[in-house]
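Colleague: below are the sequence and a predicted model; questions follow.
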Amino acid sequence: MAWFFKHQSPFFKIDFTEKLCYPIHMKTRIKDILQSSGDGREITVEGWIRTKRDSKSVCFMEVTDGSCLKNLQVIIDKNVFDLTREIEKISTGASVVIQGKLVASPGKNQNVELQGHKIKILGESPEDYPLQKKRHSFEFLREIAHLRPRTNTIAAVSRVRNALSFGIHKFFQENGFIYVHTPLISASDAEGAGEMFQVTTLDLENPPKAQGKVDYTKDFFGKKANLTVSGQLEAEIYATALKNVYTFGPTFRAENSNTSRHLAEFWMIEPEMAFCTLEGDMNTAEEFLKYILSYTMETCTEDMEFFDKFIQKGLLESLTHVKETSFTHITYTEAVRELEKASAKFDFPISWGKDLQSEHEKYLTEIVFNGPVIVTDYPKGIKAFYMKLNDDGKTVRAMDVLVPRLGEIIGGSERENDYAKLLTRLHELHLNEKDYWWYLDLRKYGSVPHSGFGLGFERIVQYVTGMQNIRDVIPFPRTVKTAEF
RNA sequence: UCCCCUGUAGCUCAGCUGGUAGAGCGGGUGGCUGUUAACCACUAGGUCGGCAGUUCAAGUCUGUCCGGGGGAGCCA
């Protein structure tokens, strides 16, 4: 009777899929299996079938669990193990648990392989499974965003994105920065860094009105509210209390821009440092960039080689160059002088007072200096109200970090910490000082030189992976007219 | 938002100056004792993005709408 229960009852049955209930630290990842030796030990793997090559007496399957780029090759000796029924049901995409003996592989493309003798199919994958063994276009994969992380490239992007994300936190944490969660809903009209998504609980079909206009005092927050376009102003609040802080969260822009570099919803990193001038800001930015590049290249070696080989030739060389080169410093005025004497023809002519176009930025970093460049001290007219005014009264303490292949990757500044000067700037730009009362207060009580910078997370993922389109480096891209998944 | 390109089988594409469709891959079936983008044979699969127009005749020409891509602007 005991035997019967053990082998027939689902409650007592213990078969080789028992590991499904194991805690995570007891599970084996394919990444670790591939790095171990084929010593003939018995192991169980869980994963998805990438491909099957079947013949009369031998069947090869490749299994992935997403832990690394390479698949584990499973070989079934059909003369020894009667697994024909299982093998017939297995196709690309199926989920399986396979038990077998890990041995050294006589084949060329792998060191070890699994001699499988038990297979459990957890989920079959019918013939209309859209992913083939061959390459798909990224455009097609975007249409099946629920399946695309099962491809080599998107899985590799996901791992690199994870490493970059962790590396960023690691850098700041190791340097004593406090991670601050700034609000996603902003009722202040002070950010002014682009078109905003409105957040409301009002009935849009029939909104309450007062004097012919929508009455926002009836709205959820009692006033007009939007999704945030930047956490910087709030980060400054915490920097002037905790000294060094950073934000790392989602940001929203409702701009009608349809490019390979823009998203309506993206993640942004914004460190803010008190007792820090523009020079300290630049040094931190350089150290930061080099740190996260090193961290990612060290932890995602295999994925990075994949990108170098299949996505962007010369990627590793270009990243290594940035990592090992001291960043060149140049003022905006000097940069304009360089561009004016350049032999290259630009679509947009440059002159002092105009913003640098991406063609100018690329020229500076790729042709003139062939390496990372930090441009500083831009005309105040082309920069934001909060940037510290230089003594010349014409330029501000702003900086842009430019890198080859991309152009601007980081933008930052020293913030205006003089109450009177900030007030003057607000008036010059016809901004209402009442909207900035708390921001001005930071300059009224214990004001301190402080600086910060911002970078778009997806931009850095794009830069590090070499991926052409920003929509392929975020799991579920939000762009104009697109929010499926 | 502007400029350029593009939409043909599940995927990637070919289809010249108008005469109602092809390949490779993928799928299915069969074969193959170690494959690795496996291989060999056979086979199914398409109102050529939608609508309108020119024409005896439109995948092909024209208009328009929709989708996709590249570049620019805005920006991160």
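Modeller: Nice, thanks for sending it over.

Colleague: can we go C-alpha only for contacts and neighbour counts from here?
Modeller: Noted.

Colleague: for A:Leu402, helix, strand, or coil?
Modeller: strand (DSSP: H, G, I helix; E, B strand; the rest coil).

Colleague: bridged to it, which residues?
Modeller: A:Val373, A:Glu408 (DSSP bridges).

Colleague: and it, how many residues sit next to it?
Modeller: 25 (other Cα atoms under 10 Å).

Colleague: show me the contacts for it.
Modeller: A:Glu361, A:Lys362, A:Thr365, A:Pro372, A:Val373, A:Ile374, A:Val375, A:Glu408, A:Ile409, A:Ile410 (Cα atoms under 8 Å, 6 or more residues apart in numbering).

Colleague: the third one touches A:Ile409, doesn't it?
Modeller: Spelled out, it's A:Thr365. No: counting by Cα atoms under 8 Å, A:Thr365 stays clear of A:Ile409, with 11.5 Å between them.

Colleague: and the strands in the stretch 351-485 of chain A?
Modeller: In the stretch 351-485 of chain A, strands defined by DSSP state E, counting those that start in this stretch lie at A:373-379, A:395-403, A:407-414, A:450-456, listed in chain order.

Colleague: how close does A:Ser37 get to RNA strand B?
Modeller: Between A:Ser37 and RNA strand B the computed distance is 15 Å (Cα to the nearest atom of the strand, to the nearest Å).

Colleague: read off the pLDDT value for that residue.
Modeller: If you check A:Ser37, the pLDDT there is 92.

Colleague: on that earlier part again, okay if I get the contacts of A:Leu402 as CSV plus neighbour count and distance to A:Met387?
Modeller: CSV is the format used below for the contacts of A:Leu402 (neighbours: other Cα atoms under 10 Å; distance: Cα to Cα, whole Å):
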residue, neighbour count, distance to A:Met387
A:Glu361, 23, 21
A:Lys362, 20, 24
A:Thr365, 23, 24
A:Pro372, 25, 23
A:Val373, 27, 20
A:Ile374, 24, 16
A:Val375, 24, 15
A:Glu408, 21, 18
A:Ile409, 19, 18
A:Ile410, 23, 15
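
Colleague: dump those residues into a markdown table; add distance to RNA strand B and pLDDT as well.
Modeller: A markdown table is the format used below for the contacts of A:Leu402 (distance: Cα to the nearest atom of the strand, whole Å; pLDDT from 0 to 100):
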| residue | distance to RNA strand B | pLDDT |
| --- | --- | --- |
| A:Glu361 | 10 | 91 |
| A:Lys362 | 10 | 88 |
| A:Thr365 | 15 | 90 |
| A:Pro372 | 15 | 93 |
| A:Val373 | 15 | 94 |
| A:Ile374 | 14 | 95 |
| A:Val375 | 14 | 95 |
| A:Glu408 | 7 | 89 |
| A:Ile409 | 5 | 91 |
| A:Ile410 | 5 | 94 |
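
Colleague: from the residues you listed, which single one is nearest A:Gln115?
Modeller: For those, the residue nearest A:Gln115 by Cα to Cα is A:Ile409; the value is 48.4 Å.

Colleague: in the helix or strand hosting A:Gln173, what counts as buried?
Modeller: Using DSSP states H and E, the element containing A:Gln173 is helix A:152-174. Residues A:152-161, A:163-165, A:167-172 are the ones in helix A:152-174 that count as buried (16 or more other Cα atoms under 10 Å).
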